[in-house]
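In: Output the structure for:
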Amino acid sequence: MEGRVLLRCGECELTREIVGEIPEEYTRSFDDAVHQDGWVPRPGSNSAQLICRDCLMKYEGHESVDDAAKI
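Out: Numbers count the residues shown, from 1 in each chain. All right, here's what the predicted structure looks like:
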């Protein structure tokens, strides 16, 4: 069975398609997105909304603003 989902950054609208045979390829595809684009759960969000690495570095009110060089 193939899984497919579109990740969309809650700040800049960057998108990334996750696709692959479940569970191995699908999990690997998501892992690649996390490592390549830095997808993370949006800080302070009660939902499953994700943001990309670039938006996390600029996220106001989050300590990552001070730590941008480390991300």
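
In: I'd like to check which residues are in contact with the nearest residue to Ser45 once chain neighbours are set aside.
Out: Among residues not flanking Ser45 along the chain, Gly10 sits closest, at 7.5 Å (C-beta to C-beta, 6 or more residues apart in numbering). Heads up, the C-betas are built off the backbone N, CA and C, glycines and all. Residues in contact with Gly10, defined by C-beta atoms under 8 Å, 6 or more residues apart in numbering, are 42, 45, 49-51, 55.

In: please redo it, this time with the cut-off set to 10 Å
Out: Neighbouring residues of Gly10 by C-beta atoms under 10 Å, 6 or more residues apart in numbering: 41-42, 45, 47, 49-52, 55.

In: Could you do Cys9 as well?
Out: With contact taken as C-beta under 10 Å, 6+ apart, Cys9 is in contact with 15-16, 37, 39, 42, 49-56.

In: Thr27 now?
Out: Contacts for Thr27 (C-beta under 10 Å, 6+ apart) come out as 3, 18, 20-21.

In: Next, format the residues you listed as TSV and append secondary structure.
Out: Output for the contacts of Thr27, formatted as TSV (DSSP: H, G, I helix; E, B strand; the rest coil):
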residue	secondary structure
Gly3	strand
Ile18	strand
Gly20	strand
Glu21	strand
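
In: ok, of those residues, which one's closest to Phe30?
Out: Of all the contacts of Thr27, Phe30 sits closest to Ile18, with 5.0 Å by C-beta to C-beta.

In: Do I have it right that that closest one meets Arg8?
Out: No - if you go by C-beta atoms under 10 Å, Ile18 and Arg8 don't touch, sitting 11.3 Å apart.
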